[in-house]
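*Asks:* A structural model of the following input is requested.
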Amino acid sequence: MISLFSICLFFILLIAVRFLYSLWWIPFRVKNILQSQGLKGPAYKFIYGNTKDIIEMKKQARSSPMDLSSHDIFPRIQPHMYTWTKLYGQNFIIWDGARPQIVVSEPELVKEILINKEGKYGKVKLRGYLKKLLGEGIVVAEGEKWSKMRKLANHAFHGESLKDMVPSMIASADAMLETWRKFEGKEIDVCEQFRFLTSDVISRTAFGSSYLEGRKVFETLTKLCYIISRNAHKIRYFGIEKLIRWQNDVEANETEQLLHDSIMAIVKMREDEVKTGRADSFGTDFLGSLLKVHHDMDKKNRISTENCDHDYL
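*Replies:* Reported below is the predicted structural model:
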């Protein structure tokens, strides 16, 4: 008769084998295969890959003031890429935990990957915080879905469409300069001011007359990006995020929901205006373009409200 102890021991051994297989054997095998093809890179470190090295290199790069006489910011913002490109060449392998990532910076190869004529290069399936930001939008979509979204984006950012945005951009710049006049003779945080300018321009061009609500969307989006940035190199395995709710997880979920609710509130307002006859269209801004496709008479051309939401991201 099999004892309870034997069953428990069996499951513990099974988990240990799976753990070692996923976090040691597979990376070891992949590394050898890629090295045999000429791809080198920093050594894989058990469980964490190169994530701890990246975090430490970024800390060191930002621990001292930047040389203002130089415009070379690459070593400061991406010190790991800068260092490893010098060591291993334009193409090399790094490890996001136990997941290998091939870094390609050779122009001809980059061009081949981006053109992707034969569809050999699939897009990475997003996970964690980044999925909350990009969802199922154009960045991760493939095939017919991507083609539909790309066509819409091309129309929205065509030269003629961009010309229509110029008055909004001028209005934003004028508003910023008017604010600066109030600070004559005083110091201004130019970086922060240009962040506000970017927020205002995007809000006006994407949301049109609803730009004040759009600015709230932009601010919420900025907050979500900050959460993603500070968690970019954290490694979790075996669905641990489903068992333990970290403070960052809670904050990211709340921010994502707020972002979605804010956009959908503006969408509902536009739809109600058309239904009640207060407006004869959904608008000429980017949101209006998305809503027009969402309500297209031909179901094949439609995009979902989820796509409308994430196409801003």
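*Asks:* which one is Arg76 nearest to, not counting chain neighbours?
*Replies:* Nearest residue to Arg76, sequence neighbours excluded (C-beta to C-beta, 6 or more residues apart in numbering): Ala61, at 5.1 Å. Backbone N, C-alpha and C define where each C-beta goes, glycine included.
*Asks:* got it, and Thr205?
*Replies:* Closest residue to Thr205 in three dimensions, ignoring its sequence neighbours and counting by C-beta to C-beta, 6+ apart: Met165, at 4.4 Å.
*Asks:* isn't that neighbour right up against Ser203?
*Replies:* No - contact criterion C-beta atoms under 8 Å: Met165 and Ser203 do not qualify, at 11.7 Å.
*Asks:* pretty sure Ala153 sits against Ile138.
*Replies:* Yes - counting by C-beta under 8 Å, Ala153 does reach Ile138; the two are 6.1 Å apart.
*Asks:* mind listing the helices in the stretch 51-200 of the chain by residue range?
*Replies:* 51-61, 74-77, 79-88, 107-115, 128-134, 143-156, 159-181, 190-207 (DSSP state H, counting those that start in this stretch).
*Asks:* need those in TSV (columns: mean pLDDT and distance to Lys299).
*Replies:* As requested, the helices of the stretch 51-200 of the chain are arranged in TSV below (pLDDT from 0 to 100; distance: least, C-beta to C-beta, whole Å):
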stretch	mean pLDDT	distance to Lys299
helix 51-61	92	44
helix 74-77	90	44
helix 79-88	95	44
helix 107-115	89	31
helix 128-134	75	25
helix 143-156	77	12
helix 159-181	86	25
helix 190-207	85	26
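*Asks:* save these as JSON lines, and put in mean neighbour count and distance to Gly38 too.
*Replies:* As requested, the helices of the stretch 51-200 of the chain are exported to JSON lines (neighbours: other C-beta atoms under 10 Å; distance: least, C-beta to C-beta, whole Å):
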{"stretch": "helix 51-61", "mean neighbour count": "16", "distance to Gly38": "22"}
{"stretch": "helix 74-77", "mean neighbour count": "13", "distance to Gly38": "24"}
{"stretch": "helix 79-88", "mean neighbour count": "16", "distance to Gly38": "10"}
{"stretch": "helix 107-115", "mean neighbour count": "11", "distance to Gly38": "13"}
{"stretch": "helix 128-134", "mean neighbour count": "18", "distance to Gly38": "30"}
{"stretch": "helix 143-156", "mean neighbour count": "14", "distance to Gly38": "31"}
{"stretch": "helix 159-181", "mean neighbour count": "12", "distance to Gly38": "43"}
{"stretch": "helix 190-207", "mean neighbour count": "17", "distance to Gly38": "42"}
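*Asks:* any chance of JSON lines for those helices, columns distance to Gly283?
*Replies:* JSON lines is the format used below for the helices of the stretch 51-200 of the chain (distance: least, C-beta to C-beta, whole Å):
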{"stretch": "helix 51-61", "distance to Gly283": "42"}
{"stretch": "helix 74-77", "distance to Gly283": "37"}
{"stretch": "helix 79-88", "distance to Gly283": "41"}
{"stretch": "helix 107-115", "distance to Gly283": "32"}
{"stretch": "helix 128-134", "distance to Gly283": "24"}
{"stretch": "helix 143-156", "distance to Gly283": "12"}
{"stretch": "helix 159-181", "distance to Gly283": "12"}
{"stretch": "helix 190-207", "distance to Gly283": "9"}
